[in-house]
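Asks: okay, predicted coordinates and the sequence, questions at the end:
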Amino acid sequence: MDGLAPAAWVIQCDGSAIPNPGRMGLGAVLVAPDGTRHALSQATHTTGCNNEAELGALVMALNEARARGATTLQVYSDSSILVEQLGGLAKPCVERLESLYAAARVLLESFGEVQLQWIPRHRNGEADALARAALGAPPKPSVHPSLRGLPRKKRRSPPPLPG
């Protein structure tokens, strides 16, 4: 697929598990072809790992896109594992996740055309913030890509208390 029709919906999704494994928060942003944005943020009633949260966020977004009448999708995720598994590029995943991947595949196949693409974490900040907000956690501080890899300031230990 070289390009999607102009009527494509765009999805950016992310999941968080705090701690990992722990409570799961799901976040997604859907953008309709007319530019209308829909933000989704939901905590689950179950615990799981970050990979389960990533899949949960995708499934939540796909269900919302289906309910809104989407037929063509461009999906972005910062989970390389999710993209590789659903794109057929990776060997079979962890057995306990296979039913979640199967459910996601069925949903993806229900759309006319879908492109699934990995994006760097720093380009998925809004979906990440929505996933974390579902758990009552603040957004992660953003680090500009040009600053990545530079040495960080070391924090000094506070002086000992008198007495």
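Replies: Received it, and whenever you're ready, just let me know what you need.
Asks: quick one, longest helix in this structure?
Replies: The residue-count maximum for a helix in the chain (DSSP state H) belongs to helix 50-67.
Asks: as CSV, could you dump the C-alpha coordinates of it?
Replies: Extracted C-alpha coordinates of helix 50-67, given in CSV (Å, rounded to 0.1, in the frame of the first residue of the first chain):
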residue,chain,number,x,y,z
ASN,A,50,2.9,-2.5,29.2
ASN,A,51,2.4,-4.7,26.2
GLU,A,52,-1.1,-5.6,27.3
ALA,A,53,-1.8,-1.9,27.8
GLU,A,54,-0.5,-1.1,24.3
LEU,A,55,-2.8,-3.7,22.8
GLY,A,56,-5.7,-2.5,25.0
ALA,A,57,-5.2,1.1,23.7
LEU,A,58,-5.2,-0.1,20.1
VAL,A,59,-8.4,-2.2,20.6
MET,A,60,-10.1,0.7,22.3
ALA,A,61,-9.2,3.1,19.5
LEU,A,62,-10.2,0.6,16.8
ASN,A,63,-13.6,0.1,18.4
GLU,A,64,-14.1,3.9,18.6
ALA,A,65,-13.1,4.3,15.0
ARG,A,66,-15.5,1.5,13.9
ALA,A,67,-18.4,3.2,15.9
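Asks: how about residues contacting it?
Replies: 9, 11, 13-17, 20-21, 24-28, 30, 38, 40, 42, 44, 48, 73, 75, 77, 79, 81-82, 94, 97, 100-101, 103-104, 107-108, 110-111, 127, 131 (CB atoms under 8 Å, 6 or more residues apart in numbering). The C-beta positions use only the backbone N, C-alpha and C, and glycine is treated the same way.
Asks: check stretch 121-137 too.
Replies: Counting by CB under 8 Å, 6+ apart, 12-16, 18, 23-29, 39-43, 53, 57, 76-78, 138-140, 142-145 sit against stretch 121-137.
Asks: next: stretch 96-108.
Replies: Contacts to stretch 96-108, defined as CB under 8 Å, 6+ apart, come from residues 51-52, 55-56, 58-59, 62-63, 66, 85-86, 92-93, 114, 116.
Asks: got the CA positions of the host helix or strand of Val29 in PDB?
Replies: Val29 belongs to strand 22-31 when assigned by DSSP states H and E. Output in PDB follows, covering the C-alpha atoms of strand 22-31 (Å, rounded to 0.1, in the frame of the first residue of the first chain):
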ATOM      1  CA  GLY A  22       0.300  -3.100  37.300                       C
ATOM      2  CA  ARG A  23      -2.700  -0.900  36.700                       C
ATOM      3  CA  MET A  24      -3.300  -0.200  33.000                       C
ATOM      4  CA  GLY A  25      -4.200   3.100  31.400                       C
ATOM      5  CA  LEU A  26      -5.200   3.400  27.700                       C
ATOM      6  CA  GLY A  27      -4.900   6.500  25.600                       C
ATOM      7  CA  ALA A  28      -5.600   7.300  22.000                       C
ATOM      8  CA  VAL A  29      -6.200  10.200  19.700                       C
ATOM      9  CA  LEU A  30      -8.400   9.700  16.700                       C
ATOM     10  CA  VAL A  31      -8.400  12.300  13.900                       C
END
